[in-house]
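Q: Sequence and predicted structure are below.
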Amino acid sequence: MIYNLAFSQILYDQYANSSYAKIKSFKMVPVVEERKGYILHYGPENGDSLANPVFPLLGNCGLMVDFDILEESTRDLRYEVIHCDRNWKEDELLEGEYVTIKEDLVLDGDRAESSFSTTVPYIHYSFMFPFSDITLHVSGNYILKIYELTDDDKIVPLIQKRFVVYEQLVEIQGEVKRPNVVQYIDSHQQIEAKIIPHGFDLSSFDKDLFVVYRQNGRWDKTISGIQPSHISGDGSLIFNNNRNALFEAGNEFRQFVFRNLRIATFPIDYITKENGLFTVYLHPDDDWHAAYTSTTDLNGKFIIQEEISPQSSDYTADYATVKFTLPYHKTMDDTLNLYVCGEFNDWKMNEENKMTYNIEKQQYEASILLKQGCYSYTYIRASNNFKTIDFSSIDGNFYQTENEYEIFVYYYDYSIGYDRCIGYKRIYTNF
């Protein structure tokens, strides 16, 4: 291995410190390569640019990776992939057992392009894998690692992101239900599932099977290690009426669109340009926690797109400072910090998306640099040490909320010693 991170034994999604490389607008979307070399977004429907980085082992499928570094010169960037166990720890597989590298994994040439006619200069990096560069041999959890090779041959990690490769060896049926437990009936959603083996040996499910539920593509919103409630006569594993499979339902995400920096559309109040840079002022947000808000949203995700040249938005879309405000009567008991969170910042809570309280105006405020497009977001509260994290006191929890869920089924393969992902299912609420 050429890569050594000191983040932790568990390999989380990570970015380099912004003082070293200001990385923005990272997207990793499944794609499929057709015979003529044409690339389509891969998902339940063709063109699904909101699909999560999950794809089947077979079928010419892979990932499209896009991100910007806010600077004017390209860096010598490389990438690699690492296989992990079910708990996202690097496993003991040798590199040759899970991947074959065909070419140097370098992000240069047409993989790095300078922004065109933007007020904020950036280099846009884009590449697809596996395809021509590498071949993956096994299913399971993977880490994509992007790093810089400096002039003095030092390796500096920049990006660490999770993705999953699956084999559909079992059939998964799943449904999102309203809980039948009184204290959760109005605020939570319950996942029920059925795993049908169709000849796959699940006899050792109690020690080798591992099921993970995930909400809205977020690894900070997962439930894992659920055991079946019973086994049906045909050998199917039934997962229902399990209090351990309850998710806080949340509320619909707040969202805004700024494809055109010269036209303000609700919820944007107005757009200014000072010293050559754009600022987008959003209408102050409402307090949603008291009632369910029925809106169509992106489930916390974002799409990069500008209106004038939408097909070349990757390098023609500009950046603007977006001003968020949340009217809030703060009391002495409000000791938690408030953050604006979404896929656009990988749900991280840091100084860049932390809100400050304006005592005079009685409101929280934040200024975040974002690329033109469509954004959905929520508010999260946390203590200074992040031991207390509150996802719901600002927006509330309502069982009616439309959410996306995924079911991952892992099974330990003793033949070469790794956790296979033998099934995957994507489901939605339908109340």
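A: Arrived safely, thanks for sending. Numbering: from 1, shown residues only.
Q: Am I right that M349 is in contact with N385?
A: No: M349 is not in contact with N385 according to Cβ atoms under 8 Å; the separation is 11.5 Å. For every residue, glycine as well, the C-beta is placed using N, CA and C.
Q: more crowded one of these two?
A: More crowded of M349 and N385, by other Cβ atoms under 10 Å: M349, with 18 against 6.
Q: Who are the contact partners of the more buried one?
A: Counting by Cβ atoms under 8 Å, 6 or more residues apart in numbering, M349 makes contact with 337, 339, 341, 380, 382, 386, 389.
Q: Mark which of those residues are buried, thanks.
A: 337, 339, 341, 380, 382 (16 or more other Cβ atoms under 10 Å).
Q: Those: which two are farthest apart?
A: N337 and C341 (11.7 Å; Cβ to Cβ).
Q: Narrow the buried ones among the contacts of M349 to those in helices?
A: In this view, those have no member that belongs to helices under DSSP state H.
Q: For stretch 34-54, measure first residue to last.
A: End-to-end distance for stretch 34-54, by Cα to Cα, to the nearest Å: 18 Å.
Q: Low-confidence regions, this protein specifically.
A: Filtered on pLDDT under 70, the chain yields the residue ranges 1-8, 35-47.
Q: Is there a neighbour count for E248? I'd like the number.
A: By other Cβ under 10 Å, 17 other residues sit near E248.
Q: out of everything not next to it in sequence, what's closest to it?
A: With Cβ to Cβ, 6 or more residues apart in numbering as the criterion, E248 has its nearest non-adjacent residue at 4.9 Å, and that residue is N397.
Q: For burial, what's the neighbour tally of that neighbour?
A: N397: 20 surrounding residues under other Cβ under 10 Å.
Q: For it, which residues are in contact?
A: Neighbours of N397 in contact, by Cβ under 8 Å, 6+ apart: 186-188, 248-251.
Q: Make a markdown table from the buried ones among the contacts of M349 and add distance to I159 to it.
A: Shown next, in a markdown table, are these (distance: Cβ to Cβ, whole Å):
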| residue | distance to I159 |
| --- | --- |
| N337 | 25 |
| Y339 | 21 |
| C341 | 19 |
| I380 | 22 |
| A382 | 23 |
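Q: Sort out for me which of these are in strands.
A: Residues of those located in strands (DSSP state E): 337, 339, 341, 380, 382.
Q: which residues in the stretch 151-300 of the chain form helices?
A: Taking DSSP state H, counting those that start in this stretch as the criterion, the stretch 151-300 of the chain carries its helices at 205-208.
Q: picking that back up, which of the ones in strands among the buried ones among the contacts of M349 lies closest to I303?
A: Looking across those and measuring by Cβ to Cβ, the closest to I303 is C341, at 17.1 Å.
Q: separation between the closest one and P327?
A: 19 Å (Cβ to Cβ, to the nearest Å).
Q: now F266
A: F266 is 17 Å from P327, by Cβ to Cβ.
Q: Those two: which has the busier surroundings?
A: Taking other Cβ under 10 Å, F266 and P327 do not tie; P327 has more neighbours (13 against 9).
Q: Who is that one paired with across the strands?
A: Beta-bridge pairing of P327 under DSSP bridges involves Q363.
Q: wait, isn't it in contact with D287?
A: Yes: at 7.4 Å, P327 and D287 qualify as touching, with contact defined as Cβ under 8 Å.
Q: which stretches of the stretch 1-150 of the chain form helices?
A: 95-98.
Q: Could you report the neighbour count for the residue lying closest to N241 once chain neighbours are set aside?
A: Excluding the flanking residues, the one nearest N241 by Cβ to Cβ, 6+ apart is S229, at 6.0 Å. Residues near S229, counting by other Cβ under 10 Å, number 13.
Q: any idea how far I172 is from S229?
A: 16 Å.
Q: same deal with V106?
A: From V106 to I172 the distance is 38 Å (Cβ to Cβ).
Q: same thing with E307?
A: Remark: distance between E307 and I172 (Cβ to Cβ) = 40 Å.
Q: If you count surrounding residues, which of the two has more?
A: For E307 and I172, the more surrounded residue by other Cβ under 10 Å is I172, and the numbers stand at 22 against 15.
Q: so who does that one touch?
A: By Cβ under 8 Å, 6+ apart, the neighbours of I172 are 193-196, 407, 409, 423-425.
Q: How about it, nearest residue that isn't a chain neighbour?
A: K425 (3.9 Å).
Q: so how many other residues sit close to the one you found?
A: Neighbours around K425, by other Cβ under 10 Å: 19.
Q: partners of it in the sheet?
A: I407.
Q: so what's it up against?
A: 172-174, 193, 406-407.
Q: Please report how far it lies from D234.
A: 18 Å.
Q: buried set for stretch 73-85?
A: 74-75, 77-85.
Q: out of those, which one sits closest to K361?
A: Nearest to K361 among the buried residues of stretch 73-85 is R75, at 41.1 Å by Cβ to Cβ.
Q: Next up, the contacts around that closest one.
A: 21, 69, 123, 148.
Q: Widest-spaced pair of these?
A: Going by Cβ to Cβ, the pair spanning those furthest: I123 and E148, at 12.1 Å.
Q: Would you mind confirming that C421 makes contact with L136?
A: No: counting by Cβ under 8 Å, C421 does not reach L136; the two are 11.8 Å apart.
Q: Look at these two and report which has more neighbours.
A: C421 (26 against 19).
Q: what about that one, helix or strand, and which?
A: strand 418-428 (DSSP states H and E).
Q: Kindly report the same for S376.
A: Using DSSP H and E, S376 sits within strand 373-382.
Q: how near is the residue of the chain most remote from its centre to Q372?
A: Farthest-out residue of the chain from its mean C-alpha position, per Cα atoms, centre = their mean: G233, at 37.9 Å. The spacing between G233 and Q372, counted by Cβ to Cβ, is 56 Å.
Q: That's all I had, so thanks and see you.
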